[in-house]
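**Student:** With the sequence up front, the predicted model follows.
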Protein chains: 2
Amino acid sequence: MIRYEERFSGQKETAKSSRAEEIFEAIKKEKETGVSGYYTLPDDSQAVLSEVETYMKDTSGFLAQINTIAVIGIGGSSLGTKAVHAALESRYPHAKRMVFLENPDPVSILKQFARMKRDNTLFIVVSKSGTTIETTSIFKAALQHFALDLSQAEDTKRIMVITDSNSPLDRFADAYGIRRFHIPDNVGGRFSVLSSVGVVPLRLAGYDVASVLQGAAVFGKRFFEGKENHLLHKAVYLTENREHYPVTVLFSYGDCLENFTKWFVQLWGESLGKRDAEGNHTGLTPVGHIGSVDQHSFLQLIIDGVRDKTVTFIKIDNFDKALTIPDISLKHIEKVDYVNGHTFNELIDIECDATKESLMAKDIPVTTIEAESMSEFTVGELILYFEILTSACGIGMHIDTYNQPGVELGKRILVKKFTQQ
Amino acid sequence: MIRYEERFSGQKETAKSSRAEEIFEAIKKEKETGVSGYYTLPDDSQAVLSEVETYMKDTSGFLAQINTIAVIGIGGSSLGTKAVHAALESRYPHAKRMVFLENPDPVSILKQFARMKRDNTLFIVVSKSGTTIETTSIFKAALQHFALDLSQAEDTKRIMVITDSNSPLDRFADAYGIRRFHIPDNVGGRFSVLSSVGVVPLRLAGYDVASVLQGAAVFGKRFFEGKENHLLHKAVYLTENREHYPVTVLFSYGDCLENFTKWFVQLWGESLGKRDAEGNHTGLTPVGHIGSVDQHSFLQLIIDGVRDKTVTFIKIDNFDKALTIPDISLKHIEKVDYVNGHTFNELIDIECDATKESLMAKDIPVTTIEAESMSEFTVGELILYFEILTSACGIGMHIDTYNQPGVELGKRILVKKFTQQ
């Protein structure tokens, strides 16, 4: 479970409640009319989960030989899955290894290939459109490198596809008899982690995905019952003050959240960086940092630099492992003995508190999300919290949260450069 | 070697040349008066390198058993070393493994400890001040976990210290007969990678540090001869337009540069996020991204979001490994066959070019740094380039580039929280 301390310094809870109410109504409408399908994924994905469970029973002999789940996908097709995997990994010493093939960097691809064995690997190709150039290219390289023959059922069973219904990749899977799962049409890549995109690979690796979905479901239910209105107030604050505070910093204390912050950066940047109804450029620039390590990097800028940043801290009350700072006093560095006998858990948490207080003392707007522990349930809650916050801000900014028209030109230039060579 | 295409869209080379000249003179003065000692590190560190070589000869029997270099340090004590290591790693299949113990996250620390063996590990404790709380705490945990006895020469030889002369950690090393190297007083953490901080662990791991220093030396020489004035013009542009473009994006195409971009983020953020002579908050906010993967994340925001970003691309012409996209045509996804037969190297480079052109078409200020390959020499060049660029911007903004007063309050609050418990 998560506790939210969402009121920015100086922000009154009652202020702007009419604006918050408007956003709430608009979100309800988005959910009801299916503008985006992510709102109902915690329920809708139960069917996907059952389908995976059935598949696991039916292919138990084959899956027993698989120790590596290789996800071939980029952006929204991998970031969410990586985020959940990294957040929970330390709880699953016996999970199958997950490998992510994302960037078309030859050094990385060959390094990953070298760590995989054909007979122990399940290759999952994930692409919503079905024609993502990085993904299809890496898939072809994998076919060749691991000598996978698409005319042999013995080989095609080692491949799985996750894509939109009737996409080119879907029709490809159909043509070769490859197992596939569909992504709902109205769920965009960056909002898709709780769809088959995340559910299938994570479940196959051994994660308790049902609890992730449950955490998201519980948060969603509470939000739509009007019990998580702090989120709406935060969205009102962020959007109404966006010219003053255009940079949104997420400062997560715990290495296991590094991929989660990357997922957030995509979600926030690609959803909210838009031209509004009047054609004006608007947006909130996301920056992800990890504490306490980035206190030694970015904190000076937040405090003394231009005051254009809001900061949200994520703090984990109980880490999955315990380690005490030994009660050792070393000659000449006795000055640091004040932490002796405390745990590293205490050190990192108190560093978070101290940093937060130092920002508040300088009137920098901060909010905190405090997780009891980094459980499956908590990860689900966090995902839906940030997704709904994104939608709420998009409504507050009068933009289309779910498209990404800006990247099309680059794609066209790319094709042109190759086809004119 | 590196090629720079530094002129921002619409920027005339001749414009502001008097301002550039002023900055150039101020930098020469910083170098001559030793305001910061990093300018002369490419030469000064030759002595450190000799000292390491001597140490390696003297302890060759011991070092033959060492297969892991564990760097215990945070922020400026690790980021630069990690950056060089990651950039060059694929060239050194036989280098000793480098492990970085940075964050006081108990899960991470125990995970790293589990991968290390006492008898094969050299522990290098790096802290400029000598009292960094994360570093000393992790060092104590390592002493206990690996049962290292400071009264035994057999054990103290497994430890090394890199710190300022006469710091508490220096006196500690002295008291226990531990081998130590010094950091020049006038070289701050984030500018220290070419000092003993980076030179010692990287050389011990097996890297050709002499070539890294040489790359930096050559770039420095050319700059001070007035042959790299593009850097000054870039600094003038960035600082004079900083209200309009407060966000500096570094978009590096190649996974091996991910840690380099993190190093850049610290260098830029902590150096330039300051109150100026009049007490006004100023700064440039650094954001690091990796292509092509973050084209699927942050690019939409750059293009359609608020136009407050400049973008610098780093492109690698020749990756260290070659991999071709196989000439395989798959039913229904023939649309992507246009890249068949090309290399991944071409794909990622042309993605960089296409992205750059799409930004230029939207009048977003971009510059490019093109590296022939990611060699030792190139890494050295890149380091000094970004360090001098940072100094040039600091001069342009009338700030102290080399201090970090903003983080002191948080440190005081931390101590208070522990000592009052």
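**Tutor:** Cool, got the structure.
**Student:** list the buried ones in the host helix or strand of A:V218?
**Tutor:** Counting by DSSP states H and E, the element that carries A:V218 is helix A:209-224. Residues of helix A:209-224 classed as buried: A:209-220, A:223 (neighbour count, 16 or more other CB atoms under 10 Å in any protein chain shown). All C-beta spots, glycine's among them, are computed from the backbone N, C-alpha and C.
**Student:** list the helices and strands it packs on?
**Tutor:** Secondary-structure packing of helix A:209-224 (3 or more CB pairs under 8 Å, 6 or more residues apart in numbering or on different chains; DSSP states H and E): helix A:41-58, helix A:196-205, helix A:376-396.
**Student:** now the end-to-end length of stretch A:358-378.
**Tutor:** Across stretch A:358-378, the straight-line distance between its terminal residues is 27 Å, by CA to CA, to the nearest Å.
**Student:** Could you give me the buried positions within it?
**Tutor:** Buried, per 16+ other CB under 10 Å, within stretch A:358-378: A:358-359, A:362, A:364-371, A:374-378.
**Student:** domain ranges for chain A?
**Tutor:** According to automatic domain parsing, chain A comprises the domains A:2-32+A:212-406, A:35-207.
**Student:** I'd like to know the average pLDDT value across the first one.
**Tutor:** Spelled out, that is domain A:2-32+A:212-406. The average pLDDT within domain A:2-32+A:212-406 is 95.
**Student:** Over to stretch A:158-172?
**Tutor:** Mean pLDDT, stretch A:158-172: 98.
**Student:** and it, does that touch chain B?
**Tutor:** Yes. Using CB under 8 Å from any CB of the partner chain, stretch A:158-172 reaches chain B at A:168-169, A:171-172.
**Student:** Out of the helices and strands packed on helix A:209-224, the one nearest chain B is which?
**Tutor:** Proximity to chain B (CB to the nearest CB) singles out helix A:376-396 among the helices and strands packed on helix A:209-224, at 12.4 Å.
**Student:** Tell me the buried residues in the following helix or strand past that closest one?
**Tutor:** For helix A:376-396, the following helix or strand on the C-terminal side (DSSP H and E) is helix A:408-419. Under the neighbour-count criterion of 16+ other CB under 10 Å, helix A:408-419 has A:409-411, A:413-415, A:417-418 buried.
**Student:** Show residues contacting helix A:408-419.
**Tutor:** Helix A:408-419 has contacts (CB atoms under 8 Å, 6 or more residues apart in numbering or on different chains) with A:133, B:295, B:299, B:303, B:338-339, B:342, B:350-351, B:353-355, B:357-358, B:361-362.
**Student:** Please pick the buried ones from the residues you listed.
**Tutor:** Looks like the contacts of helix A:408-419 have A:133, B:295, B:299, B:303, B:338-339, B:342, B:350-351, B:353-355, B:357-358, B:362 buried, using 16+ other CB under 10 Å.
**Student:** Report the two of those residues separated the most.
**Tutor:** Spanning the widest gap among the buried ones among the contacts of helix A:408-419 are B:H342 and B:K362, at 26.8 Å by CB to CB.
**Student:** Counting residues, name the longest strand you see in chain A.
**Tutor:** Ordering each strand of chain A by length in residues (DSSP state E) puts strand A:309-318 first.
**Student:** Just want the angle from it to helix A:376-396.
**Tutor:** Per axes from the mean of the first three to the mean of the last three CA atoms, to 10 degrees, the angle that strand A:309-318 makes with helix A:376-396 is 170 degrees.
**Student:** For the stretch 151-300 of chain A, what lies in contact range of chain B?
**Tutor:** The stretch 151-300 of chain A has residues A:168-169, A:171-172, A:175-176, A:189, A:246-247, A:254-256, A:262, A:265-266, A:269-270, A:272-275, A:281-283, A:285-287, A:290-293, A:295-300 near chain B, with proximity defined as CB under 8 Å from any CB.
**Student:** Weed out the non-buried ones from those residues.
**Tutor:** Buried members of these, counted by 16+ other CB under 10 Å: A:168-169, A:171-172, A:176, A:189, A:246-247, A:254-256, A:262, A:265-266, A:269-270, A:272-275, A:281-283, A:285-287, A:290-293, A:295-300.
**Student:** which residues make contact with stretch A:117-125 from outside it?
**Tutor:** Stretch A:117-125 is contacted by residues A:63, A:65-73, A:99, A:135, A:139, A:142, A:146-148, A:158-163, A:169, A:200-201, A:204 when judged by CB under 8 Å, 6+ apart.
**Student:** Mark which of those are buried, thanks.
**Tutor:** Buried members of these, counted by 16+ other CB under 10 Å: A:66-73, A:99, A:135, A:139, A:142, A:146, A:148, A:158-163, A:169, A:200-201, A:204.
**Student:** Which of those residues fall in helices?
**Tutor:** Among the buried ones among the contacts of stretch A:117-125, the residues falling in helices (DSSP state H) are A:135, A:139, A:142, A:169, A:200-201, A:204.
**Student:** Identify, from those, the entry nearest to B:K309.
**Tutor:** Closest approach to B:K309 among those (CB to CB): A:T135, at 27.1 Å.
**Student:** related to what we said a few turns ago, between the buried residues of helix A:408-419, which is nearest A:S129?
**Tutor:** Distance to A:S129, by CB to CB, is smallest for A:K411 among the buried residues of helix A:408-419, at 10.4 Å.
**Student:** What score does the closest one have for pLDDT?
**Tutor:** For A:K411, the pLDDT comes out at 95.
**Student:** Check A:G61 too.
**Tutor:** You'll see A:G61 listed with a pLDDT of 98.
**Student:** which other residues reach the helix or strand harbouring it?
**Tutor:** A:G61 belongs to helix A:60-64 when assigned by DSSP H and E. Here helix A:60-64 makes contact (CB under 8 Å, 6+ apart) with A:56, A:122, A:157, A:204.
**Student:** swap the cut-off to 10 Å and go again
**Tutor:** A:55-57, A:96, A:122, A:154, A:157-158, A:204 (CB atoms under 10 Å, 6 or more residues apart in numbering or on different chains).
**Student:** Would you agree A:L389 is in contact with A:F219?
**Tutor:** No. Assessed by CB atoms under 10 Å, A:L389 is found out of contact with A:F219, at 11.1 Å.
**Student:** so what sits against both of those two?
**Tutor:** Residues touching both A:L389 and A:F219 (CB under 10 Å, 6+ apart) are A:L231.
**Student:** from the buried residues of helix A:408-419, which single one is nearest B:T312?
**Tutor:** For the buried residues of helix A:408-419, the nearest to B:T312 is A:G410 (16.9 Å; CB to CB).
**Student:** Spatially nearest residue to the residue in the stretch 51-200 of chain A positioned nearest to chain B (excluding sequence neighbours)?
**Tutor:** For the stretch 51-200 of chain A, the residue closest to chain B is A:G75, as judged by CB to the nearest CB, at 2.6 Å. Once flanking residues are discounted, A:G75 sits nearest to B:H296: 2.6 Å by CB to CB, 6 or more residues apart in numbering or on different chains.
**Student:** List the contacts of the one you found.
**Tutor:** By CB under 10 Å, 6+ apart, B:H296 lies in contact with A:73-79, A:102-103, A:132, A:134, A:189-190, A:266, A:270, A:404, A:407.
**Student:** about what we covered before: who wins for proximity to B:G396 among the domains of chain A?
**Tutor:** In terms of CB to CB, the element of the domains of chain A nearest to B:G396 is domain A:2-32+A:212-406, at 15.0 Å.
**Student:** tell me the two of the residues of stretch A:158-172 next to chain B that are most distant?
**Tutor:** Across these, the longest distance by CB to CB is 7.4 Å; it joins A:L169 and A:R171.
**Student:** separation between A:K128 and A:K321?
**Tutor:** The gap separating A:K128 from A:K321 is 37 Å, by CB to CB, to the nearest Å.
**Student:** Looking at the two, which is more packed in?
**Tutor:** Using other CB atoms under 10 Å in any protein chain shown, the more surrounded residue of A:K128 and A:K321 is A:K128, with 23 against 15.
**Student:** ok, that one to B:L49 distance?
**Tutor:** A:K128 sits 51 Å away from B:L49, going by CB to CB.
**Student:** count of neighbours near A:K117?
**Tutor:** For A:K117, the tally of surrounding residues (other CB under 10 Å) stands at 10.
**Student:** backbone phi and psi for it, please?
**Tutor:** The phi/psi pair for A:K117 (degrees, to the nearest 10) reads phi -120, psi 140.
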